[in-house]
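> coordinates only, no sequence provided:
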């Protein structure tokens, strides 16, 4: 029975202890390369299936080679299993080559848990959904990943589209899927890597490949669109960092990420 395009695209099949098969959906690619967040969603499903806990609360992943659509294998090596957390090394493999290597810690988050302390500011102020630029606007439009997500961008952070980058490494927007799929842990894995590179607002151009990405799931998201706030701290020597906060429709911080990537270059 079909779940949704994203649900089907992240489906895994257990074939042996610690071994899974997946048919990676090329529709989640940007150019030839599958979106990193999509790949982490697939790996997270395998990690959760192999663990006694329900949610991927921490993921640290290295992207070793470009992954394209098609059959692949996922290897899960359980390193530790505890009462509140389990940790596994999860590897995406094709033709005996590792494409992504991740360390994933699983735990179980309770839906009614309230923070005992929260130092984060309120959810980023975004214009109303209908006043934002759609994912089909200007250069953002394209076949593949952009067709699978329903993203609306804050116009104040999209000057790079018109050749007028803001000079601040920051992009904000709303996130959802074009084929309805309510937010969950796997949607959050995509959301943290869904924004255009923040370095575009510093004049960078072209593909900006992620080398390493770490993300944390902080709470179970409420139904509805997710608000994304991406920012950076430093661009140097051909590298830049990007931090993303994900807020749900209830105004709660539900995911955080940081990645290191190469400054975009002409395709």
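That came through, no problem. Here the structure is a predicted model, which means the values were calculated and not measured. Numbers count the residues shown, from 1 in each chain.

> where does this protein have low pLDDT?
Along the chain, the model assigns pLDDT under 70 to residues 1-2, 120, 122-123, 135-143, 265-267.

> repeat the analysis, applying 90 as the threshold.
Scanning the chain for pLDDT under 90 picks out the ranges 1-3, 31, 112-116, 118-125, 134-143, 205-207, 264-267.

> please enumerate the helices of it.
Using DSSP state H, the helices of the chain run over 5-9, 36-49, 145-148, 185-191.

> list the buried ones in the shortest one?
Read it as helix 145-148. 145-146, 148 (16 or more other CB atoms under 10 Å). Heads up, the C-betas are built off the backbone N, CA and C, glycines and all.

> adding distance to residue 259, write the residues you listed out as a markdown table.
Converted to a markdown table, these look like this (distance: CB to CB, whole Å):
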| residue | distance to residue 259 |
| --- | --- |
| 145 | 16 |
| 146 | 19 |
| 148 | 20 |
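
> who's residue 243 bridged to?
residue 231, residue 258 (DSSP bridges).

> pretty sure residue 58 contacts residue 102?
No. Residue 58 lies out of contact with residue 102 (CB atoms under 8 Å); the separation is 10.1 Å.

> please identify which of these two sits among more neighbours.
residue 102 (25 against 16; other CB atoms under 10 Å).

> residues touching that one, list them.
40, 43, 47, 59-62, 89-91 (CB atoms under 8 Å, 6 or more residues apart in numbering).

> just give me the closest of the residues you listed to residue 159.
For the contacts of residue 102, the minimum distance to residue 159 (CB to CB) is 29.3 Å, reached by residue 40.

> tell me how many other residues surround that closest one.
When neighbours are defined as other CB under 10 Å, residue 40 has 30 of them.

> dump the residue contacts of the closest residue to it other than its chain neighbours.
Nearest residue to residue 40, sequence neighbours excluded (CB to CB, 6 or more residues apart in numbering): residue 189, at 4.4 Å. Under the criterion of CB under 8 Å, 6+ apart, the neighbours of residue 189 are 37-38, 40-41, 44, 56, 59, 215.

> report the two of those separated the most.
Using CB to CB, those span at most 14.0 Å, a distance reached by 38 and 56.

> any residues touching stretch 172-184, and which ones?
When contacts are defined by CB under 8 Å, 6+ apart, stretch 172-184 is touched by residues 3-7, 124, 126, 129, 132, 147-154, 156-157, 187, 190-191, 194-195, 220-230, 246, 248, 254.
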